[in-house]
Each structure stands twice: as C-alpha cells, then as structure tokens.
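need a structure here:
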Amino acid sequence: MDKNRNAKNYWKENKKYLLILLGIWFIISFGAGILFKDYLNNFHLGGFKLGFWFAQQGSIYIFVLLIFIYIRLMNKLDKKYGYSEDDTD
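Residues are numbered from 1 along each chain as shown. Below is the predicted model:
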C-alpha cells in the first residue's frame, strides 16, 4: 500500500512540474511572440526586433532550456522517491 502512495505522490509532483514548465513556455512563446510583441519590438537583439526574435528563435531556446530543467527536476524526483537509475543493484 505504501508503494502505491509513493507512486501517486511521484506522479502528482511530476504533473506539477510539467504544468509549471509548460506554462512558462506558453507565456514566453504566446506572450512574448504574440501578445507583447509590439512592446518588445522597441528593443533589438542581434539586429532583430525582440518580439520577432522571441517568435522565431527565443521560444525555441526557452523550450530547450526548460527540457534541461525538467531533466534536472526529474533526476531529483527519482532520487527522492527511490526510482533513480543509480540505485539499481
């Protein structure tokens, strides 16, 4: 029974991480690339307007960064709940 509760808590935290990280990605890609592009276009990055840059490049970079953050979070979560690959005997 304790193992079942452990698995439920693990997936509950996993889903929380996913929702937070996907929420950040949505805000960056939709917000910076579409909603706030007019304001961000007042600034330039690498010769391009910042709103355009976020729509074309920035959201992809943020997504890749969020993947690495998710990997780190999941490694910590695996160790916390005993699912780590390092613990296999």
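
sec struct for N42, please.
coil (DSSP: H, G, I helix; E, B strand; the rest coil).

quick one, what contacts it?
By CB atoms under 8 Å, 6 or more residues apart in numbering, the contact set of N42 is L50. Yep, even glycine has a C-beta here, placed from its N, CA and C like the rest.

make 11 the starting number, not 1.
Got it, first residue is 11 now, which makes that one N52.

buried set for stretch 23-36?
23-24, 31, 35 (16 or more other CB atoms under 10 Å).

what lies in contact with that stretch?
Contacts of stretch 23-36 (CB under 8 Å, 6+ apart): 69, 72-73, 76, 79-80, 83-84, 87.

repeat that with 10 Å
With contacts defined as CB atoms under 10 Å, 6 or more residues apart in numbering, stretch 23-36 is touched by 69, 72-73, 75-77, 79-80, 83-84, 86-88, 90-91.

do the same with stretch 59-70
35-58, 71-72.

how about the strands in this protein?
With DSSP state E as the definition, the chain shows strands at residue ranges 54-55, 58-59.
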